[in-house]
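*Asks:* predicted model, plus sequence, below.
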Amino acid sequence: MPAQLRILFVVAETWPLVKTGGLADVVPALARALVDAGHDVRLLLPGYREVEEAFAGKPAGRAFEVLPDLPHARLLRGRLPGYEIPTWLLHCAPLYDRPGGPYSDEDGRDWEDNALRFALLGKVGAMFGTARGLDGWRADVLHGHDWHAGLLPAYARFDPAVTAATVFTIHNLAYQGNFPAATAGVVGLPAAAMQPDGLEFYGQLSFMKAGLWYSDWLTTVSPTYARQVVTETYGQGMAGVLQARSGALTGILNGVDELAWNPATDQLLPARYSSAEMAGKARCKLELQDRFGLVRGPDLPLIGMVGRVTSQKGWDLLPEAVEALAPRQVQWALLGGGERELEASLAQLSAAHPGSVGLCLGYDEALSHVLIAGADVFAMPSRFEPSGLTQMYSQLYGTVPVVRRTGGLADSVVQATAASVQDGSGTGFLFDDASGPALAQALDAAVSMYRDDRAGWARLQANGMRHEFGWGRPAAGYAEVYREALAQRRNGD
Ligand code: ADP
Ligand code: GLC
């Protein structure tokens, strides 16, 4: 067996301490799978107020200076609840001890000092990669996730004391952490790095670009998205940088954390079930209909959707699809929070269809489980989707996904045809155009099968429930990437 690696994940969120999206689901599950494969994986994340209250970490050493222009910080040491992964919280009250979310205040406005908040995280992460390390531990590989950890590879590159290799994972290229150019001085990065072959992005300092440019190896969360990000259409302005780095970019599809997402053991459901015994799913459906104010009816086709309410996820395509499917007596359960204008249009849609379009605005972890279990069909009409997790959860819960053929959706759902349903590979429905009619047509095909071909539908459900979405295979892919990064690091010296 290859030598065990010491790997530090530098992240802004992780389940079960703080979660706004799929990144939080990925972090502990991937860490756990790497631990199971024999590696020593640890986490570093900011000590936001609610996280510190829930974590009960022990102070590890004194407060220390990280950068001259930033407040002092200290580490709190503990273990991630439920996963037992050794975890450090980065304690720095002036930057993290406040009410609100990890990135924005209670009204959804980004924190004005986000550049400093996440620069501190990246810089302390890099300190773990020096020969001395921090708190008695040093990393072989520093693994930063998304723009919040984007400066980590830059600090590692510019500090000769850092010997660790760096890996940077793109979970979502749309969030880039771009700040005024003058930020470079404040966060202690050389002015000379503010150039196109470096941190500069259209006159700003970009955390995302720093991650893309300075890391030894890059990954993103599905093979299809890895091919898409080098194109102008999906590159979010970063296609050129990604083309330049495409020799060190690997796409690895996310897995499912079966500790949190398994219908046979899920304590957040009113009843549990498996492909051998599906009665519990019918109970979940009744509960879902009640919770969303829908007419009770075990045989009414129920379409669910859960996610951040942003244009990425295609919520704006729903009104047309709802109107198109209205004659078919379809029900909808919609759960999400995000952009105010989109939320308002969903509220209008729900008001116009009482009893058949149920809407719950906000974030509700328990309800998301009931929805994914109770619905018959799960809609995901994303304009782009790096990986997506809910289409995988829904398959394991016997809820048939209807998704746009893009990114990780294309890599995790197989079109249902007479042949694929029979041979066990078909698991859902895909469509190409990001339009209301294309979504409606794919949903219509799913609803027709649900209504008219119960045996075929049951097979389709069973195919999804049997699918192997575990983290073992992706974790082996990451282990490979870490070795590539270490080789790259050695070559660069
Ligand atoms: P993304 O990371 O782009 O938001 P993913 O599909 O990877 O999309 O992951 C989203 C995660 O966040 C899933 O675990 C999903 O259930 C959860 N989620 C998103 N919105 C909500 C919400 N309003 N309430 C509860 N859970 C939500
Ligand atoms: C991002 C992406 C999503 C992915 C998640 C975890 O938020 O939008 O597709 O599943 O990160 O990698």
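*Replies:* Alright, I've got the coordinates. This is a predicted model, so every value here is computed, not measured. Ligands and ions are numbered 1, 2, ... in the order given.

*Asks:* for Asp197, which non-adjacent residue is spatially closest?
*Replies:* Trp213 (7.2 Å; C-beta to C-beta, 6 or more residues apart in numbering). (Each C-beta comes from the backbone N, C-alpha and C, glycine too.)

*Asks:* quick check: next helix or strand after the helix or strand where the one you found lies?
*Replies:* Assigned by DSSP states H and E, Trp213 falls within helix 207-214. Next helix or strand after helix 207-214 toward the C-terminus (DSSP H and E): strand 217-220.

*Asks:* now do that following strand: which elements does it pack against?
*Replies:* strand 165-170, strand 249-251, helix 472-492 (3 or more C-beta pairs under 8 Å, 6 or more residues apart in numbering; DSSP states H and E).

*Asks:* verify the stated contact: Val27 with Thr14.
*Replies:* Yes. The criterion here is C-beta atoms under 8 Å, and Val27 meets it with Thr14 at 4.1 Å.

*Asks:* now the common contact residues for those two.
*Replies:* Leu43 (C-beta atoms under 8 Å, 6 or more residues apart in numbering).

*Asks:* who has more neighbours out of these two?
*Replies:* It is Val27, of Val27 and Thr14, that has more neighbours when counted by other C-beta atoms under 10 Å, with 28 against 25.

*Asks:* the more buried one: what secondary structure?
*Replies:* helix (DSSP: H, G, I helix; E, B strand; the rest coil).

*Asks:* from Arg451, how far off is it?
*Replies:* When distance is defined by C-beta to C-beta, to the nearest Å, Val27 is 40 Å away from Arg451.

*Asks:* and if you look at Leu286?
*Replies:* Leu286 is 19 Å from Arg451, by C-beta to C-beta.

*Asks:* cool, and Arg79?
*Replies:* According to C-beta to C-beta, Arg79 stands 49 Å off from Arg451.

*Asks:* and what of Asp159?
*Replies:* 62 Å.

*Asks:* and what of Thr427?
*Replies:* Counting by C-beta to C-beta - Thr427 and Arg451 are separated by 19 Å.

*Asks:* what about the residue of the stretch 51-200 of the chain found nearest ligand 2, neighbour count?
*Replies:* Using C-beta to the nearest ligand atom, the single residue of the stretch 51-200 of the chain nearest to ligand 2 is His171, 3.3 Å away. When counting by other C-beta under 10 Å, one arrives at 21 neighbours for His171.

*Asks:* which parts of the stretch 251-400 of the chain sit against ligand 2?
*Replies:* 254, 385-389 (C-beta under 6 Å from any ligand atom).

*Asks:* same question but for the stretch 101-250 of the chain, I mixed them up
*Replies:* Counting by C-beta under 6 Å from any ligand atom, the stretch 101-250 of the chain sits next to ligand 2 at 171-172, 221.

*Asks:* in the chain, what residue is nearest ligand 1?
*Replies:* Gly22 (2.1 Å).

*Asks:* just give the nearest non-adjacent residue to that residue, would you?
*Replies:* Gly22 sits nearest to Leu389 (C-beta to C-beta, 6+ apart), 4.6 Å away.

*Asks:* could you chop the protein up by domain?
*Replies:* Domain ranges of the chain: 6-255+472-491, 279-466, per automatic domain parsing.

*Asks:* between the ones you listed, which one is closest to Pro263.
*Replies:* Nearest to Pro263, of all the domains of the chain, is domain 279-466, at 4.9 Å by C-beta to C-beta.

*Asks:* mean confidence (pLDDT) on that closest one, please.
*Replies:* Average pLDDT, domain 279-466: 98.

*Asks:* and the end-to-end length of that domain?
*Replies:* In domain 279-466, first residue to last residue: 17 Å (C-alpha to C-alpha, to the nearest Å).

*Asks:* cool, and stretch 57-72?
*Replies:* Start-to-end, stretch 57-72 (C-alpha to C-alpha) is 18 Å.

*Asks:* ok, now stretch 50-65?
*Replies:* Stretch 50-65 end-to-end distance (C-alpha to C-alpha) = 24 Å.

*Asks:* any chance you could list what contacts that stretch?
*Replies:* 17-18, 45, 47, 72-78, 81, 87-89, 91, 97, 134-135.

*Asks:* of those, which belong to strands?
*Replies:* Judged by DSSP state E, these include 45, 73-78, 87-89, 91 as members of strands.

*Asks:* name all residues that make contact with Arg117.
*Replies:* Contacts of Arg117 (C-beta under 8 Å, 6+ apart): 46, 95-96, 111.

*Asks:* ignoring the adjacent residues along the chain, who's closest to Ala126?
*Replies:* Ala126 sits nearest to Tyr155 (C-beta to C-beta, 6+ apart), 3.8 Å away.
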